[in-house]
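Engineer: here is my input, please return the structure:
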Amino acid sequence: MKIRLLTAAGVWMVLLGIVYLPQLASSEEKERKEEINLVNYPVHAIHFITNDKAEMADLMERIKQKKDDSIGGVKEKLSQDKLLVTSGTSLEHLPQSTDEQSIAAHVDKVKQDPALQKLLHAQLKNGNRIYIYGGLTSEFFKELLLLKEMKIKAKVGDSEGFFIFGERLEAFSKEKGPLKASARTELEEASIISFTLDEQDQHQYYEAHITGGGNSRIDQEEICIQEILFHQSRLADLLMEEQ
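Structural biologist: Numbers count the residues shown, from 1 in each chain. Model (predicted):
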């Protein structure tokens with residue numbers, strides 16, 4: 001299995017100062033996580049929208065039973081209720097009183113359900129982070145979430161502005177000079193894309209490219225869910241470090 005968080009075609013992400021997080025935690029990072037006291041840790045919750053809760057439960061059990069280090073500190077956070085995972089056909093059983101709430105859905109389910117698209121759009125507007133996984137471009141992600149525009153804060157050298165997906169870089173600080181980075185022209189399909197409207201979030205936009213890891217639908221879905229959980233766990237780590 002190979003997970004690419006940054007490709008040659010995506011070097012512009014570095015130019016815009018967007019941080020991508022590693023899929024596999026190093027041994028040093030894992031040892032550090034084992035020493036962290038999770039008592040005062042922020043609680044992150046993620047809700048997977050699925051038509052088959054039993055299948056989702058089986059996938060979660062497979063992930064929890066992994067003996068390798070591929071999910072870093074996820075299992076520890078799950079066991080201490082610092083990472084809450086729920087699932088359902090809609091937003092029933094959505095955890096309350098969490099520091100961050102995220103919602104995830106497979107691209108096939110979202111594109112077949114206009115009502116779900118409206119629901120995810122509303123949740124995005126409410127400040128939640130949305131993940132869509134299973135293979136899609138950033139342009140299709142924007143379309144599925146019913147967004148007229150999707151932008152992230154960007155910084156190139158001493159200039160600041162917004163990167164607008166599918167369009168351009170737009171400077172908002174003329175005193176510092178115009179931005180001179182070009183946008184990505186091709187539409188590369190990612191395995192996972194997540195986005196929040198919070199422009200102060202350093203990880204406002206995230207995408208992962210996964211190859212290998214099994215040919216079956218279940219195997220591929222397990223890998224995507226595992227990567228989403230790892231990313232959500234790392235976001236919790238970063239939030240804790242900032243406090």
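Engineer: mind checking the end-to-end distance for stretch 130-144?
Structural biologist: Taking CA to CA, to the nearest Å, stretch 130-144 runs 11 Å from one end to the other.
Engineer: same check, this time on stretch 141-155
Structural biologist: So stretch 141-155: terminal residues 23 Å apart, CA to CA.
Engineer: now the protein, which segments are flagged as low pLDDT?
Structural biologist: 1-39, 68-70, 93-99, 156-157, 159, 166-187, 212-214, 243 (pLDDT under 70).
Engineer: pairing partners for the particular helix or strand that has I193 in it, with directions?
Structural biologist: Using DSSP states H and E, I193 sits within strand 190-195. Its sheet considered, strand 190-195 pairs with strand 129-136 (antiparallel), strand 205-211 (antiparallel) by DSSP bridges.
Engineer: who's in contact with the helix or strand that comes right after the first one?
Structural biologist: Taking DSSP H and E as the definition, the helix or strand that follows strand 129-136 towards the C-terminus is helix 138-144. In this structure, residues lying in contact with helix 138-144 by CB atoms under 8 Å, 6 or more residues apart in numbering are 107, 110-111, 117, 120, 132, 136, 149-150, 165-166, 187, 190, 193, 195, 207. Any C-beta I mention is one placed from the backbone N, CA and C, and that applies to glycine too.
Engineer: so where's the longest helix in this structure?
Structural biologist: Counting residues, the longest helix found in the chain (DSSP state H) is helix 217-242.
Engineer: run through the strands of the protein in chain order.
Structural biologist: In the chain, the strands defined using DSSP state E lie at 2-4, 44-49, 83-88, 100-106, 129-136, 151-156, 159-164, 169-171, 190-195, 205-211.
Engineer: including distance to L59, could these go into TSV?
Structural biologist: As requested, the strands of the chain are exported to TSV (distance: least, CB to CB, whole Å):
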stretch	distance to L59
strand 2-4	17
strand 44-49	9
strand 83-88	9
strand 100-106	12
strand 129-136	12
strand 151-156	30
strand 159-164	34
strand 169-171	39
strand 190-195	15
strand 205-211	15
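Engineer: nearest to I63, out of those?
Structural biologist: For the strands of the chain, proximity to I63 was assessed by CB to CB; strand 83-88 is nearest, at 9.5 Å.
Engineer: which parts of that closest one are buried?
Structural biologist: For strand 83-88, the neighbour count (16 or more other CB atoms under 10 Å) marks 83-87 as buried.
Engineer: out of those residues, who's nearest M240?
Structural biologist: Closest to M240, out of all of the buried residues of strand 83-88 and judged by CB to CB, is L83, at 12.3 Å.
Engineer: quick check: L136 touching A190?
Structural biologist: Yes: look at L136 against A190 with CB atoms under 8 Å: they come within range, at 6.7 Å.
Engineer: and the gap between the residue nearest to L147 when sequence neighbours are not counted and V110?
Structural biologist: In space, and not counting its chain neighbours, L147 is closest to H121: 7.4 Å by CB to CB, 6 or more residues apart in numbering. Between H121 and V110 the computed distance is 11 Å (CB to CB, to the nearest Å).
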